[in-house]
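Enquirer: can't give you the sequence, but here's the structure:
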Ligand SMILES: Nc1nc2c([nH]c(=O)n2[C@H]2C[C@H](O)[C@@H](COP(=O)(O)OP(=O)(O)OP(=O)(O)O)O2)c(=O)[nH]1
């Protein structure tokens, strides 16, 4: 019988049926940072497969202002993660979608009171028209070709970091997203189930307007595995 991989603290219990885990990528420091509490979050990504586009929201206020992300937030007391994901998608983007759970991102930023345990969801269809809210401005972005390997896709995604400009965001705007997203977007986009953890050090407060060349929340340790 094959030995199961040791998963980072925070991800225990994410593979209750003992499915096969395979390291996708890992790196950084030798030790994970210590956290004292964990809160549950959701993050939902809507994909237009026919047009090869992804809906992202520009965060207008609160945590991570100025960053593009999927739609999500805290899971409220008495709510399941899936219920929270539907509620947040409606509140932040004005749409409804059939969400499929595709991964877990455990995220800890140095100096923060708690770690984020984020259930990541994906939908390939939706109802309603994405609408700007007080918190998020939704916008469609082109996904680089999915025909190559995951490694190629990660490289294609990374190229958008250098190629992005202030005014045109035709491809996914990695230079304005959390630094770890390039590590797991290839899995999300190719529908591979995954679990992962990232530790980041505190970055200086984000300048407005964002400087695309400025470092955003530097990563100090990361680990991602696919689940089969
Ligand atoms: N893509 C990505 N998302 C992340 C990372 N770290 C992280 O917390 N998130 C997500 C989880 C949540 O979807 C979102 C944080 O939610 P939020 O900004 O709405 O938090 P909030 O405290 O205002 O919660 P709420 O009022 O909306 O419930 O950011 C990351 O590294 N990459």
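Expert: The structure has been received and is ready for your questions. None of the values given here were measured: they were computed from a predicted structure. Numbers count the residues shown, from 1 in each chain.

Enquirer: low pLDDT regions in the protein?
Expert: 1-3, 146-154, 156-169, 203-217 (pLDDT under 70).

Enquirer: Tell me where it has helices.
Expert: Remark: helices assigned in the chain by DSSP state H are 81-93, 150-163, 181-189.

Enquirer: Based on its surroundings, how many neighbours for the residue in the chain positioned nearest to the ligand?
Expert: Closest contact between the chain and the ligand, by CB to the nearest ligand atom, is at residue 73 (2.4 Å). Glycine gets a C-beta too; all of them are placed from N, C-alpha and C. Neighbourhood size, residue 73 [other CB atoms under 10 Å]: 17.

Enquirer: who touches it in this structure?
Expert: Counting by CB atoms under 8 Å, 6 or more residues apart in numbering, residue 73 touches 41, 42, 84, 88, 91, 92.

Enquirer: So among the residues you listed, which ones count as buried?
Expert: 41, 42, 84, 88, 92 (16 or more other CB atoms under 10 Å).

Enquirer: Looking at these, spot the one nearest residue 112.
Expert: Comparing the buried ones among the contacts of residue 73 against residue 112 with CB to CB places residue 41 closest, at 12.6 Å.

Enquirer: Pull up the residues of this structure that are close to the ligand.
Expert: 41, 43, 62-64, 69, 72-74, 107, 116, 118, 178, 180-181 (CB under 6 Å from any ligand atom).

Enquirer: And the residue nearest the centre of this structure?
Expert: residue 181 (5.4 Å; CA atoms, centre = their mean).

Enquirer: I'd assumed residue 173 was in contact with that residue.
Expert: No. In this structure, residue 181 is not within contact of residue 173 by CB atoms under 8 Å, at 10.2 Å.

Enquirer: tally of neighbours for residue 177?
Expert: Residue 177: 22 neighbours (other CB under 10 Å).

Enquirer: beta partners of the closest residue to it other than its chain neighbours?
Expert: Leaving out its chain neighbours, the residue that sits closest to residue 177 by CB to CB, 6 or more residues apart in numbering is residue 68, at 5.1 Å. Note on residue 68: beta-bridge partners by DSSP bridges are residue 58.

Enquirer: Just give the number of residues close to residue 68.
Expert: Neighbours of residue 68 (other CB under 10 Å): 25.

Enquirer: What are the neighbouring residues in contact with it?
Expert: Per CB under 8 Å, 6+ apart, neighbours of residue 68: 56, 57, 58, 59, 139, 141, 173, 176, 177.

Enquirer: farthest-separated two in those?
Expert: Using CB to CB, the contacts of residue 68 span at most 14.8 Å, a distance reached by 59 and 141.

Enquirer: Compare those two (neighbour count), which wins?
Expert: Shown here are residue 59 and residue 141; by other CB under 10 Å, residue 59 has more neighbours (20 against 17).

Enquirer: Go ahead and confirm that one touches residue 66.
Expert: Yes. In this structure, residue 59 is within contact of residue 66 by CB under 8 Å, at 6.5 Å.

Enquirer: what number of residues lie near the closest residue to residue 82 other than its chain neighbours?
Expert: Residue nearest to residue 82 in three dimensions, not counting chain neighbours: residue 99, with 6.6 Å by CB to CB, 6+ apart. Using other CB under 10 Å, residue 99 has 21 neighbouring residues.

Enquirer: Over to the one 5 residues further on?
Expert: Burial of residue 104, expressed as a neighbour count using other CB under 10 Å, amounts to 22.

Enquirer: Which residues are in contact with it?
Expert: Per CB under 8 Å, 6+ apart, neighbours of residue 104: 11, 14, 117, 118, 119, 120, 194, 195, 196.
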